[in-house]
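this one's sequence-less:
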């Protein structure tokens, strides 16, 4: 007898529903729970799944069909279900199946979406308290709803985050829209809805925050019109805002920013990058000039239209045809600033300066520094705007190349393009490492 005939085979044959014999290397045996999950996934991505039943009642599917379903379905971690299945009662098993099925229903709520988000990103992402997320899976459309509701900490307060700091998790709709779309393949379009402010908490500043919010919505809708839209309930508000967005001018500080004294702070790091490490920064970003604290407030006929005060771009620079804006974040010790809101901040700054390049917003009449004077004298000559995130630690959702890909597919490329970048830095003592 030939040697290969005497060797023990490491495979066997199974019979399919048609009576044909198949190598068990080409099939996968499934539990009832696993089979239910695969059926749902197959239905969702419109792929075939043949269930074969053996003489002893065991069920199996073709490996190539399961591989195709796996490739077309968003990653969902089912290991916890597999590990628990042997130890749970039939009632508990049914609960787990129903929980999994919920992921594939026509509508996913905030809790389910953030479970998916954590599964995909492998990190613990906390959902904001005042933004409701709802995904219509049939239309592949995510609804972001900024709600005005009673504070959980103080029942006497009913905040509306359209009138507050844009970099907070509850206000940074741009950051959430881009990150959710980058991480969750089910999302093709995003719709933003918000509660109109019922009353302004501190009249002037809240109105200025709200004006700035409406500006962000207007420009974000223009930049990403192929996948982002405003809910019909808020359309009139944006249309009215666009009509009164006129007679605008950038504000300016009365004096140059002072040298910060506090060591180990973001402001100190910002100062060092524009002075001690200026040559290194200019080389990395291809700049002829670098400076700090460029005012980003906007006036309308001499009165504050956006928040002014300390609103400023951390670092900025320019070369012959490009204006570069850098949003700096500093994370050391107890000082931690890792928010998706860095996208919202940088988007606002880039759009505001682009509008100055286009002449929609006029430059200030006076500037306290020679660098700003040089900038405003040349403002309409720039051909592009670069918007750069610079930090020694980012929010984990930004750790995805798709985030920058989405941001850089904006419609502004047709006229004075805005390009987005992200760089991580480090420094020890007096040594800056960029990128690191």
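Sure, I can see it. Please read all numbers here as calculations on a predicted model, not as lab measurements. Numbers count the residues shown, from 1 in each chain.

Every contact and neighbour count from this point should use C-alpha atoms.
Will do.

Dihedrals phi and psi, the residue nearest the centre of the chain?
Nearest to the geometric centre of the chain sits residue 179, at 2.5 Å (Cα atoms, centre = their mean). For residue 179, the backbone dihedrals are phi -70, psi -40 (criterion: degrees, to the nearest 10).

hang on, isn't it packed against residue 397?
Yes: assessed by Cα atoms under 8 Å, residue 179 is found in contact with residue 397 at 6.2 Å.

For these two, list the residues in contact with both.
Shared contacts of residue 179 and residue 397, defined by Cα atoms under 8 Å, 6 or more residues apart in numbering, are found at residue 340.

and residue 357, how far is that from residue 26?
For residue 357, the distance to residue 26 equals 62 Å [Cα to Cα, to the nearest Å].

Neighbour count for these two, which is higher?
Taking residue 357 and residue 26 together and counting by other Cα atoms under 10 Å, residue 357 has the greater number of neighbours (23 against 12).

dump the residue contacts of the more buried one.
Contact partners of residue 357, counting by Cα under 8 Å, 6+ apart, are 379, 380, 381, 382.

so which of those comes closest to residue 12?
Of all the contacts of residue 357, the one with the least separation from residue 12 (Cα to Cα) is residue 382, at 70.5 Å.

Can you get me a residue count around the closest one?
One way to gauge burial is a neighbour count; for residue 382, by other Cα under 10 Å, it gives 18.

Could you list which residues are in contact with it?
Applying Cα under 8 Å, 6+ apart, the residues contacting residue 382 are 320, 321, 322, 323, 357, 416.

just residue 385 next, same as before
Listed by Cα under 8 Å, 6+ apart, the contact set of residue 385 reads 322, 323, 324, 325, 350, 353, 354, 416, 417, 418, 419.

What's the PyMOL line that selects buried ones from those?
The buried residues among the contacts of residue 385 can be selected in PyMOL (16 or more other Cα atoms under 10 Å) with this line:
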select buried, resi 322+323+324+325+350+353+354+416+417+418+419
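
In strands, which of the contacts of residue 385 fall?
322, 323, 324, 325, 418, 419 (DSSP state E).

was I right about the first one contacting residue 379?
No: the criterion here is Cα under 8 Å, and residue 322 misses it with residue 379 at 10.0 Å.

can you put the ones in strands among the contacts of residue 385 in TSV and add distance to residue 143?
Putting the ones in strands among the contacts of residue 385 into TSV (distance: Cα to Cα, whole Å) gives the following:
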residue	distance to residue 143
322	36
323	34
324	33
325	30
418	26
419	26
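
Let's have those residues in a markdown table, adding pLDDT.
Listed next are the ones in strands among the contacts of residue 385 as a markdown table, based on pLDDT from 0 to 100:
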| residue | pLDDT |
| --- | --- |
| 322 | 98 |
| 323 | 98 |
| 324 | 98 |
| 325 | 98 |
| 418 | 98 |
| 419 | 98 |
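
from the contacts of residue 357, which would you call buried?
Restricting the contacts of residue 357 to buried positions leaves 379, 380, 382, with burial counted as 16+ other Cα under 10 Å.

and the nearest residue to the first one once chain neighbours are set aside, what pLDDT?
Take residue 379 and drop its neighbours on the chain: the residue closest to it by Cα to Cα, 6 or more residues apart in numbering is residue 357, 5.3 Å away. With respect to pLDDT, residue 357 scores 97.

for residue 357, phi and psi?
With angles defined as degrees, to the nearest 10, residue 357 sits at phi -60, psi -40.

Could you do the one 10 residues further on as well?
For residue 367, the backbone dihedrals are phi -130, psi 140 (criterion: degrees, to the nearest 10).

Just give the closest residue to it, not the sequence neighbours.
In space, and not counting its chain neighbours, residue 367 is closest to residue 373: 5.6 Å by Cα to Cα, 6+ apart.

Please look at that neighbour and residue 363 and confirm they touch.
No: between residue 373 and residue 363 there is no contact, the gap being 9.8 Å when judged by Cα under 8 Å.

what's residue 194 in contact with, if anything?
When the contact criterion is Cα under 8 Å, 6+ apart, the partners of residue 194 are 145, 146, 147, 162, 234.

and these, which are buried?
Buried members of those, counted by 16+ other Cα under 10 Å: 145, 146, 147, 162.

So the last one, which state does it fall into?
Using DSSP: H, G, I helix; E, B strand; the rest coil, the secondary structure recorded for residue 162 is helix.

just how off-centre is the strand or helix carrying residue 182 within its chain?
Residue 182 belongs to helix 173-183 when elements are defined using DSSP states H and E. Using Cα atoms, centre = their mean, to the nearest Å, we find the averaged C-alpha position of helix 173-183 to lie 3 Å away from the chain's own average C-alpha position.

Provide the contact partners of it at residue level.
Contact partners of helix 173-183, identified using Cα under 8 Å, 6+ apart, comprise 117, 120-121, 144, 187-188, 190, 192, 220, 340-344, 397-398, 400, 402-403, 406-407.

Count the neighbours of residue 127 for me.
Here the count is done by other Cα under 10 Å, and residue 127 has 16 residues near it.

Ok, residue 333 next?
As a burial measure, residue 333 scores 7 neighbours (other Cα under 10 Å).

Then residue 395?
Considering only other Cα under 10 Å, residue 395 is surrounded by 14 other residues.

Also the one 4 residues further on?
Per other Cα under 10 Å, the neighbour tally for residue 399 reads 14.

just residue 361 next, same as before
For residue 361, which is what you asked about, the neighbour count (other Cα under 10 Å) is 21.

now the one 4 residues further on
Around residue 365 there are 11 other residues, counting by other Cα under 10 Å.

How about residue 126?
Other residues near residue 126 come to 9 when the count uses other Cα under 10 Å.
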